[in-house]
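> sequence and predicted structure are below.
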Amino acid sequence: MLIIFLAAATLANAQTEISQLQTIQFQGLTFKQKIYGHINCDSANARKKLKEVEYWDTVCTEVNFLDLEIYGDDTPIIQKLNDLLHADALKYNEIVYKNGADYCREIADSQSKSGFVTLYTDISVLDTFQSLISFNIGFSEFSGGAHPNYYSVSTVVDLNDGRSLRIFDVIDKKMEKNFRKLLYVKFKKLYGLDALLDSEVKPEEFPIAEFFQIGARGLSMNYNAYEITPYVYGSPEMELSFDEIKPYMTVWFKSKVNQYKPTQKRIIRH
C-alpha cells in the first residue's frame, strides 16, 4: 500500500499540528484531508513597528495547509494524482509552497503598520461521477485591507487512466459557440447581465470558466472573483444538468452519462 502526502513535505520552518477533516473512499482509493499548520513569522522590522502601534500584541503570520493523504494499492494512479495536485498547487501559489516563512516575513516587513497576515491552501475532494473525481485547490491571503484575496483551482481526473480533463473533453469543440450561448442564458437567469464586468459581451463570446467540476447533478462552471464579475459577487458558479448540456457533449462523455447508474454516494463540498 502506498501513502502519498501532497505538498505538506515542502513546508519550510513549520510547526506541524495535524487534525483529520474530510475522508472520502472512491474507486478503491481513500482520500484523507488533514490540516498542517501553523507558521508564526516575526522580524526585527515587525517588532519595531509594534512599539508604534500599542494595540498589536504580536505580529502573527499564519500559514495553514488543508492537504490530502491518498491511500490505496494503485501506485501509478496515486503517483499521478500526487504529481498533478502538487504541480497545480505550486503553479498557483509557488512562493508559499517553496518557503512560506520567508514570504510571511516579507509581507510583515513591507507593511506601513504591523498587522496579521494569513495564508491558507486547501486541497480537497469536491465531487465524484463514474470514474471521475473533482478536486479543489483553494488559496486565501489576507494582509490588511477591506477583504482577503482568494482563488480556487478545480481539477477533474479520470481515475481509469489518471488523465486530467479539459472542458473540451466534456463539451464538443464544434459546439463551442452554442455552449457559450447556453452559459450566457444561464448567467443572465442566475445573476443578471448587469453583474458582468463586460455587460455587453455577445452570447457566443461568453467566457467559458477555466475550472469546472463534474458530479451526479451535472457540470458546474466555477469562476473566480474578478474573472467575470466584481468582487461583491464572490465566485460565481453555474450548475448545468446533464440534460442541459447533452446536445453539446463529446461522444466520450455522453457515453459516460448514458452508463451512469445513480447508486454511488455523491460528495459535494460547499
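Right, received. Where do you want to start?

> where exactly do the helices run in the chain?
Here the chain has its helices, by DSSP state H, at 44-50, 75-92, 94-110, 167-170, 176-190, 242-245, 251-259.

> residues contacting the last one, please?
Going back to what we said before, that points to helix 251-259. F129, Q130, S131, L132, D169, V170, I171, D172, F242, K246, M249 (C-beta atoms under 8 Å, 6 or more residues apart in numbering). Using the backbone N, CA and C atoms, a C-beta is placed for each residue, glycine as well.

> and those, which are buried?
F129, Q130, L132, V170, I171, D172, F242, M249 (16 or more other C-beta atoms under 10 Å).

> so the first one touches S220, yeah?
No - checked against C-beta atoms under 8 Å, the pair F129 and S220 is beyond contact range at 11.0 Å.

> need the overlap of contacts for the two.
Common contacts of F129 and S220 (C-beta under 8 Å, 6+ apart): I214.

> turn the contacts of helix 251-259 into JSON lines, including pLDDT.
Output for the contacts of helix 251-259, formatted as JSON lines (pLDDT from 0 to 100):
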{"residue": "F129", "pLDDT": "95"}
{"residue": "Q130", "pLDDT": "94"}
{"residue": "S131", "pLDDT": "95"}
{"residue": "L132", "pLDDT": "96"}
{"residue": "D169", "pLDDT": "98"}
{"residue": "V170", "pLDDT": "98"}
{"residue": "I171", "pLDDT": "98"}
{"residue": "D172", "pLDDT": "98"}
{"residue": "F242", "pLDDT": "97"}
{"residue": "K246", "pLDDT": "96"}
{"residue": "M249", "pLDDT": "98"}
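
> pick the one among the residues you listed closest to V157.
L132 (7.1 Å; C-beta to C-beta).

> how near is the closest one to K177?
Between L132 and K177 the computed distance is 25 Å (C-beta to C-beta, to the nearest Å).

> run through the residues that contact the nearest residue to I137 once chain neighbours are set aside.
Excluding its sequence neighbours, the residue lying closest to I137 (C-beta to C-beta, 6 or more residues apart in numbering) is V153, at 4.4 Å. Residues near V153 by C-beta under 8 Å, 6+ apart: D88, Y92, N136, I137, G138, F139, F211.

> pretty sure the third one is touching S152, no?
Yes - under the contact definition of C-beta under 8 Å, N136 touches S152, with a separation of 5.9 Å.

> thinking again about what came up before, in the contacts of V153, find the pair that's most separated.
F139 and F211 (12.6 Å).

> what sits in contact with each of these two?
Common neighbours of F139 and F211 (C-beta under 8 Å, 6+ apart) are S152, V153.

> any stretches of the stretch 1-150 of the chain with poor pLDDT?
1-20, 36-65, 90, 92-119, 143-145 (pLDDT under 70).

> look up how far Y223 lies from K32.
Taking C-beta to C-beta, one finds K32 at 29 Å from Y223.

> tell me which of these two has more neighbours.
Between K32 and Y223, counting by other C-beta atoms under 10 Å, Y223 is the more crowded of the two (22 against 16).

> ok, that one to F212 distance?
As judged by C-beta to C-beta, Y223 and F212 stand 10 Å apart.

> how many neighbours does S241 have?
Burial of S241 is recorded as 10 neighbouring residues (other C-beta under 10 Å).

> what residues are up against it?
R217, G218.

> ok, it to A209 distance?
According to C-beta to C-beta, S241 and A209 sit 17 Å apart.

> what bridges to the spatially closest residue to L21 that is not a sequence neighbour?
Nearest residue to L21 in three dimensions, chain neighbours excluded: Q33, at 4.4 Å (C-beta to C-beta, 6+ apart). With DSSP bridges as the criterion, Q33 is bridged to L68.

> I'd say Q33 and L66 touch.
Yes - counting by C-beta under 8 Å, Q33 does reach L66; the two are 5.9 Å apart.
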